[in-house]
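**Q** below are the sequence and a predicted model; questions follow.
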Amino acid sequence: MDLSPTQQLERARERFELGDYYGVLYLLHELVESGKAFADAHHLLGLSYYMVNRPEEAMASLDKAVELNAEASFAAARASGAEDRGGVAAHYAAKLANLHAEVGEAYAEAGKLGLAVEQYERALELGPAFHDLRYRLGRLLLDARRTLEAREQLEQVVQARPQAVDAHAAYGLACYLSGDAGTARRVWEGMRESHPHDVRIKAYLAMLDRAAGQ
């Protein structure tokens, strides 16, 4: 007896939980080829591709999942008349922002920092107040050696979250790497007063002292 798309997806989820990723690929390929696959199917397909070390196909499937979710969210927003963020209702915008971040992490794990940054930028267009995502974007920009952009993003995080220790430490690093050792020192010395036992801060300040003595 033929299975419905929902039943096929459920069976694929069962195979995924058992670690049978090739079984998932077999089941979901049929669903995708039928033209009846929805976002959850493409998402699970992408995760399965990733688990069998096929990163390019994983990225394509995850991107398709985001695309389908976006289409559904725009349609729902139009139907409800609630357009809050770029034409998308706030509830759907938050969901889409997190989906973009998820795809961004997959790109980062695959070593595609530029594409990871793009996904996080899309996420923040939908959720500009999601400072945890902005912090992650700042870290990715640092990894990509885009230090001025990293500084801009991290500065927004520390302004919004004055108690965020990791964000302050990263902001100081972005300042230092972008050539502003003075601001980096002020940031880290301020942190040393409030967090005297933080090993990172001692190391960063020691680095500044060595650089100043050269």
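**A** It's in. Residues are numbered from 1 along each chain as shown.

**Q** going forward, measure contacts between C-alpha atoms and count neighbours the same way
**A** OK.

**Q** which element follows the lowest-mean-pLDDT helix or strand in the chain toward the C-terminus?
**A** Of all the helices and strands that make up the chain, the one with the lowest confidence by mean pLDDT, DSSP states H and E is helix 55-80; it has a mean of 66. Using DSSP states H and E, the helix or strand that follows helix 55-80 in sequence is helix 90-109.

**Q** output the helix or strand following that following helix as CSV, nothing but the C-alphas.
**A** Note on helix 90-109: by DSSP H and E, the next helix or strand toward the C-terminus is helix 113-126. Taking Å, rounded to 0.1, in the frame of the first residue of the first chain, the C-alpha atoms of helix 113-126 are listed here in CSV:
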residue,chain,number,x,y,z
LEU,A,113,32.5,30.7,6.6
GLY,A,114,31.3,33.2,4.0
LEU,A,115,28.1,31.3,3.5
ALA,A,116,27.7,30.9,7.2
VAL,A,117,28.0,34.6,7.7
GLU,A,118,25.3,35.2,5.0
GLN,A,119,22.9,32.9,6.8
TYR,A,120,23.4,34.7,10.1
GLU,A,121,22.9,38.1,8.4
ARG,A,122,19.6,36.9,7.0
ALA,A,123,18.7,35.6,10.5
LEU,A,124,19.3,39.1,12.0
GLU,A,125,17.3,40.8,9.3
LEU,A,126,14.4,38.8,10.7
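
**Q** and helix 113-126, how far out from the chain middle?
**A** Between the centre of helix 113-126 and the centre of its chain there are 7 Å (CA atoms, centre = their mean, to the nearest Å).

**Q** name the helices or strands packed onto it?
**A** In terms of contact count using 3 or more CA pairs under 8 Å, 6 or more residues apart in numbering; DSSP states H and E, helix 113-126 is assigned the packing partners helix 90-109, helix 131-143.

**Q** list the buried ones in the longest one?
**A** Going by neighbour count (16 or more other CA atoms under 10 Å), the buried part of helix 90-109 is 90, 92-108.

**Q** cool, and the shortest one?
**A** Judged by neighbour count (16+ other CA under 10 Å), helix 131-143 contains these buried residues: 131, 133-142.

**Q** any residues touching that helix, and which ones?
**A** 101, 113, 116-117, 120-121, 123-124, 147, 149-151, 153-154, 157, 160, 167, 170, 174 (CA atoms under 8 Å, 6 or more residues apart in numbering).
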